[in-house]
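In: All I have is the shape, not the residue letters:
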């Protein structure tokens with residue numbers, strides 16, 4: 001079940017991992033094409049990353065939702081754990097997109113935290 005905490009904007013970007021929660025959230029936000037939704041996906045370069053990206057691409061194509069894909073942009077630093085490395089890379093991608101989205105549209109793409117939660 002998705003519980004809406006506030007109003008959901010008509011133009012929105014959402015981070016999609018390819019897992020059931022983010023795919024359900026994408027479907028909810030798309031709302032049969034009634035909203036202008038863009039999906040953001042980050043490919044970590046891990047063992048199953050291409051499979052997850054393929055699932056997201058296929059679903060976005062089916063919904064006719066534009067998709068922006070980010071990927072690893074630097075080498076892992078000494079002392080940085082794998083999870084920390086992936087998290088930093090992912091956050092940099094989403095942050096850079098969110099900053100440019102704010103400048104263009106004045107809206108946040110941090111939808112999952114601000115507008116609804118799965119429960």
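Out: Sure, I can see it. Nothing here was measured: the structure is a model prediction, and the numbers come from that model.
In: Hmm, residue 63 and residue 27 touching each other?
Out: Yes: with contact defined as Cβ atoms under 8 Å, residue 27 counts as touching residue 63 (7.3 Å). Every C-beta, even on glycine, is put in place using the N, C-alpha and C of the backbone.
In: Of these two, give the one with the bigger neighbour count.
Out: Neighbours were counted for residue 27 and for residue 63 using other Cβ atoms under 10 Å; residue 63 has more, 18 against 15.
In: got the contact list for that one?
Out: 26-27, 30, 33, 37 (Cβ atoms under 8 Å, 6 or more residues apart in numbering).
In: Closest one to residue 73 out of those, please.
Out: Using Cβ to Cβ, residue 26 is the member of those that sits closest to residue 73, with 24.2 Å.
In: Shouldn't the closest one be within a helix?
Out: Yes: Residue 26: assigned to a helix according to DSSP: H, G, I helix; E, B strand; the rest coil.
In: pLDDT value on residue 10, please?
Out: Note for residue 10: predicted pLDDT of 81.
In: what do you get for the one 3 residues further on?
Out: Per-residue confidence at residue 13 stands at 85 (pLDDT).
In: Against residue 79, how distant is residue 15?
Out: 27 Å (Cβ to Cβ, to the nearest Å).
In: Which one of those two is surrounded by more residues?
Out: Between residue 15 and residue 79, counting by other Cβ under 10 Å, residue 15 is the more crowded of the two (21 against 6).
In: Check the secondary structure at residue 32 for me.
Out: Assignment for residue 32 (three-state DSSP): helix.
In: next one: residue 6
Out: Assignment for residue 6 (three-state DSSP): coil.
In: Looking at the contacts of residue 63, spot the one nearest residue 47.
Out: Using Cβ to Cβ, the contacts of residue 63 come closest to residue 47 at residue 26, 23.5 Å.
In: Nearest residue to the closest one in space, please, no chain neighbours.
Out: Nearest non-adjacent residue to residue 26, counting by Cβ to Cβ, 6 or more residues apart in numbering: residue 16, 5.3 Å away.
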